[in-house]
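Trainee: Pasting the sequence and the predicted model now:
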Amino acid sequence: MIYMDYNATTPLEPEVIEAISEALQEAWGNPSSNYLAGAKAKAIINESRENVARMIGGKAEDIIFTSGGTEANNLVLHTAMEHFRKSRSSAKGVEGSRNGYDGLPHIITSNVEHDSVKLVAEHLQSEAKADVTFVPVSKVTGRVEVEDVVAAVQSNTCLISIMLANNETGVIMPVQEICSRVKSLNKQRQHVRILLHTDAAQALGKIPVDVGELGVDYLTIVGHKFYAPRIGALYVDGPGTRTPLHPMLFGGGQERNFRPGTENTPMIAGLGKAAKLVASNLSAYESCMRSTKLYLENRLQTVFKNRIHFNSHYPGSDILPNTCNVSILGRTLQGWRVLSHCRKLLASVGAACHSDSGNRPSHILLSCGIPSEVAANALRLSVGRWTTEADVDAVVEDLRETVQLLEEMN
Ligand SMILES: Cc1ncc(COP(=O)(O)O)c(C=O)c1O
Ligand SMILES: O=C(O)CC[SeH]
């Protein structure tokens, strides 16, 4: 079988497995314990924190380990709600400062976010705890447009959360430009500070990610997208000092009380090792995945000619180097049907967490302006660091044979 679903999850690099097993064997102590076994664990955690910070151009003290990206994203939206409430209570009594605090906290996000942002925002909205603007991506560029985000800002806006790259289309969002514009707004606003978050899950390990260049207050890190284990982290620019961070959990004081619970040392060790590999090899990873993806697109074009629609080709938009969202046009060639008949290819029609959504076309692709009958045939092919041209040849031949079979069956 040939795996081409690296946006869903990645295997662990051998060096990462080695770091995890070493921590399991040698650093099993409680990191808070004051004897050698604990000190060993604490040292591994500190080294990993440094490596994760280095991967994104941040400082170690700005990294908070979490169970994964879902927790990190939830922590940001929870913090924004608390930020609004505390800002409002401190504004009470100050003449004229009540403006902007009447009503609910307002969140701005896009209509193509991962469910761990989308569903949290929808929940807050349905519970009348927040107003939410889901800014639609442009159907021309597949990208959320800066002017549309800025136009959505209200006096009670307390958070803007826009993913750095989309998991289905691979489209890279203009987060740096959005942050630059909103920081200027914040300087002149009399109202609550607008916090800035990006979910970088799909970008890390594929393209350069630098928190200073982006200008974000928060950035979500997801290990299992860059050959690390199922653990994550949240970058916060000065947690509790420059940038608010309000815990969802209370307990033993770990992670400076921002995320208590005895640390998962082996998984943190793996995250740190994977981050170190990204920091050292990103340029090679990126160019290798890009050349493989381009070879895949060329082979698909050659074999399927005018029956192929590339769902990630948007004028003026940058795309992740590993992602190829493509539809083979034909009445009987729905993506799920093609994949279920392929003998070698392992891929998806869209986000793994939507895999139980039946055979409906991806709402992400429909939001990007892909016609329904084309979106229904979508295949999300995402290559990895070690995907070869031979893998591509085998996958394209598998698709060719499968299409021929399905069309002969009908
Ligand atoms: C864009 C994006 N954000 C968040 C997540 C959630 O991360 P986790 O699976 O660690 O909860 C994922 C992947 O699952 C993702 O692709
Ligand atoms: O896009 C994916 O498959 C991961 C998020 Se559910």
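Mentor: Sure thing, it's come through. Numbering: from 1, shown residues only. Ligands and ions are numbered 1, 2, ... in the order given.
Trainee: So for the residue of the stretch 301-410 of the chain found nearest ligand 1, what's the pLDDT?
Mentor: Nearest residue of the stretch 301-410 of the chain to ligand 1: C353, at 6.5 Å (CB to the nearest ligand atom). For the C-beta atoms, the positions are set from N, CA and C on the backbone; glycine is no exception. If you check C353, the pLDDT there is 88.
Trainee: residues contacting V76?
Mentor: Shown in contact with V76 (CB atoms under 8 Å, 6 or more residues apart in numbering): 159, 161, 195, 197, 218, 220, 234.
Trainee: mind listing the helices for the chain?
Mentor: With DSSP state H as the criterion, the chain has helices at 14-26, 36-55, 69-91, 115-126, 146-151, 175-188, 211-214, 265-304, 335-341, 363-367, 372-375, 389-409.
Trainee: residues contacting N186?
Mentor: Taking CB under 8 Å, 6+ apart as the test, what N186 contacts is 193-194.
Trainee: likewise D318?
Mentor: By CB under 8 Å, 6+ apart, D318 lies in contact with 171-172.
Trainee: ok, T243 touching G215?
Mentor: No. Shown here, T243 and G215 do not form a contact pair, counting by CB atoms under 8 Å, at 12.0 Å.
Trainee: what about the residue of the stretch 301-410 of the chain closest to ligand 1, how many residues close to it?
Mentor: Close neighbours of C353, defined as other CB atoms under 10 Å, add up to 14.
Trainee: Repeat that for V403.
Mentor: Residues lying near V403 (other CB under 10 Å) number 20.
Trainee: Check what pLDDT the closest residue to ligand 1 within the stretch 201-350 of the chain gets.
Mentor: Going by CB to the nearest ligand atom, ligand 1 is nearest to A201 of the stretch 201-350 of the chain, at 3.4 Å. On the pLDDT scale, A201 is placed at 98.
Trainee: any idea how far it lies from T243?
Mentor: Separation of A201 from T243 (CB to CB, to the nearest Å): 20 Å.
Trainee: ok, now N306?
Mentor: Distance, N306 to T243, using CB to CB: 51 Å.
Trainee: now do L282
Mentor: 26 Å.
Trainee: got it, and K42?
Mentor: The gap separating K42 from T243 is 25 Å, by CB to CB.
Trainee: more neighbours, A201 and T243?
Mentor: A201 (28 against 19).
Trainee: got a list of what that one touches?
Mentor: 69, 114, 163, 167, 220-222, 225.
Trainee: now, which of those lie within strands?
Mentor: Residues of the contacts of A201 located in strands (DSSP state E): 220-222.
Trainee: From the contacts of A201, pick the one nearest ligand 2.
Mentor: N167 (3.4 Å).
Trainee: ok, that closest one touching A351?
Mentor: Yes. Using CB under 8 Å, N167 makes contact with A351 at a distance of 5.6 Å.
Trainee: Overlap in contacts, these two.
Mentor: Contacts common to N167 and A351, judged by CB under 8 Å, 6+ apart, are H114.
Trainee: which one of these two has more residues nearby?
Mentor: When neighbours are counted by other CB under 10 Å, N167 and A351 differ, and N167 comes out ahead with 26 against 19.
Trainee: Now do the same contact list for that one.
Mentor: Neighbour list for N167: 7, 114, 201-202, 351 [criterion: CB under 8 Å, 6+ apart].
Trainee: One more: G57?
Mentor: 209-213.
Trainee: got a winner among those for most neighbours?
Mentor: Neighbour counts for the contacts of G57, by other CB under 10 Å, peak at V209, which reaches 25 neighbours.
Trainee: Is that residue in contact with M55, as I believe?
Mentor: Yes. V209 lies in contact with M55 (CB under 8 Å); the separation is 7.5 Å.
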